[in-house]
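>>> Test case, fold it:
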Amino acid sequence: MDHPKKQISHVIHLLTEGSPAHQKRALDTYFLPDASFLHPLCRVPSFSRYSVPLLGDIDSRWVIWMIYRWYKILSPRILLDVECSEYNQSLHILFVEIRQIFSIFFVPFYKSDVHLTTKLYLSQDPTNGKFYIKSQEDLYQSNEVVKFFWPGGATVVWLWQMFATLVCILGALLFAPITWMEQRQSLKTNGVKGS
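Coordinates of the predicted model:
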């Protein structure tokens, strides 16, 4: 990519909505051969050429391609919107906010509206100045990731999160004397007068 922030939407659409040939071409064009991939449900560590019987030489980019192919098989029609992207030039990290409609082909009438942030670590080739993806990390909240495989699961996760919040409040109030003692000790140790 010459301009990561401007071009990333097109790359993501090729990977998710494109044909298998578009997916492969996008991976070969924009990902390094030893790219890594992290998702709440799967992981591809970075590795270069590795010989596998019947498959020949593979690398981590090939494994990422298999994940994208399986993703497309599970949900042949994906609707995706890249809501925004922010690029940190000094760290070469691109953050992309994505909303997608994912529907599994064998679960009729179920569609999950999922929101995620994708964190892309980029590497710039000194010879041509282009940027390549060296790592993709898909960040989902727990209530979002369950939407892929558990209709209604997001509600259960939401209820659990609300229950956990209530436990935090009760625990903080019940054990407030511990907090007060820790604060007194901190003031004594640091020599700072509290208000």
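>>> Compute the number of surrounding residues for Val44.
Counted with other CB atoms under 10 Å, residues neighbouring Val44 total 21. For glycine as for every other residue, the C-beta is placed from the backbone atoms N, C-alpha and C.
>>> tell me the contacts of Ile78?
With contact taken as CB atoms under 8 Å, 6 or more residues apart in numbering, Ile78 is in contact with 16-17, 71-72, 100-102.
>>> His92: which of the residues you listed is nearest?
Of all the contacts of Ile78, the one with the least separation from His92 (CB to CB) is Thr16, at 22.8 Å.
>>> Correct me if wrong: that closest one contacts Tyr71.
Yes - proximity of Thr16 to Tyr71 meets the contact threshold set by CB atoms under 8 Å, at 7.4 Å.
>>> more crowded one of these two?
Set side by side, Thr16 and Tyr71 show more neighbours around Thr16, with 21 against 17, by other CB under 10 Å.
>>> now, which of the contacts of Ile78 lie within strands?
For the contacts of Ile78, the ones inside strands are 100-102, with DSSP state E as the criterion.
>>> what's the burial count for the closest residue to Ser142 other than its chain neighbours?
Using CB to CB, 6 or more residues apart in numbering and skipping residues adjacent in sequence, the residue nearest Ser142 is Val157, 5.4 Å away. The number of residues packed around Val157, counting by other CB under 10 Å, is 18.
>>> all strands for the chain, in order.
31-39, 42-44, 50-52, 56-58, 79-88, 93-102, 112-124, 131-139.
>>> Correct me if wrong: Ile58 contacts Arg49.
Yes - Ile58 lies in contact with Arg49 (CB under 8 Å); the separation is 7.5 Å.
>>> So for these two, which residue has more residues nearby?
The neighbour comparison of Ile58 against Arg49 (other CB under 10 Å) goes to Ile58, with 17 against 12.
>>> pLDDT wise, what is the more buried one at?
Each residue has a pLDDT score; the one for Ile58 is 91.
>>> hey, what's it bridged with?
Tyr50 (DSSP bridges).
>>> residues in contact with Leu32?
When contacts are counted by CB under 8 Å, 6+ apart, Leu32 is found next to 61, 123, 132-134.
>>> buried sites along stretch 70-80?
Of the residues in stretch 70-80, 71-72, 74-75, 78, 80 count as buried by neighbour count, 16 or more other CB atoms under 10 Å.
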